[in-house]
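[1] Any chance you could fold what I've pasted below:
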Amino acid sequence: MRRDQFKGEWMTVRDEKGKQELEVYCPQALRRFVEDLPIEGQHLLSKNLTEPMTYHAIEKGFSAWRLSLGRDAKKFSLHGLRKLSIIRLAEAGASDAEIQAVTGQSAEMVAYYRKKASRRMLSKSGQERRE
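    Below you'll find the predicted structure:
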């Protein structure tokens, strides 16, 4: 992402799959993180002053990081980050419409990923009732 895509509480995110741009609320923790990054170009992850790093370069770094985790690394993938966002939003109590507004996913995909979060939340609340 380019630095100019962050404007106060909002960020403009490009959904490459759906070929659309989404204006999404930028959580305070992410705003602080972005503000603390060194400025090395127009993009948060820059190849040079004007070009972003390529997907391949980012994936290569991500793969190296995964290898450093040993056995625990299997659960992490670049593709899984969007899924993880949906699950975390669902676990936080976000509605399907709120999740769609953040991720740009279809109602069917949100429902599909919500199942995992709902199962975990129901399991926890059920077990807590026994205590």
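[2] So what's the residue count around Leu37?
    The number of residues packed near Leu37 is 10, by other Cβ atoms under 10 Å. Placement of C-beta: from N, CA and C, glycine included.
[3] What score does it have for pLDDT?
    Leu37 carries a pLDDT value of 91.
[4] mind listing the strands for this protein?
    Along the chain, the segments classed as strands by DSSP state E run 6-7, 10-15, 20-25.
[5] out of those, which comes closest to Asp72?
    strand 10-15 (28.2 Å; Cβ to Cβ).
[6] which residues are contacting the closest one?
    1, 5, 20-26, 30, 104 (Cβ atoms under 8 Å, 6 or more residues apart in numbering).
[7] Give me the buried stretch members for that strand, please.
    11, 13 (16 or more other Cβ atoms under 10 Å).
[8] who does it pair up with?
    strand 6-7 (antiparallel), strand 20-25 (antiparallel) (DSSP bridges).
[9] rewinding a little: just the closest of the contacts of strand 10-15 to Ser63, please.
    Met1 (20.9 Å).
[10] Low-confidence regions, this protein specifically.
    Low-confidence segments of the chain (pLDDT under 70): 18.
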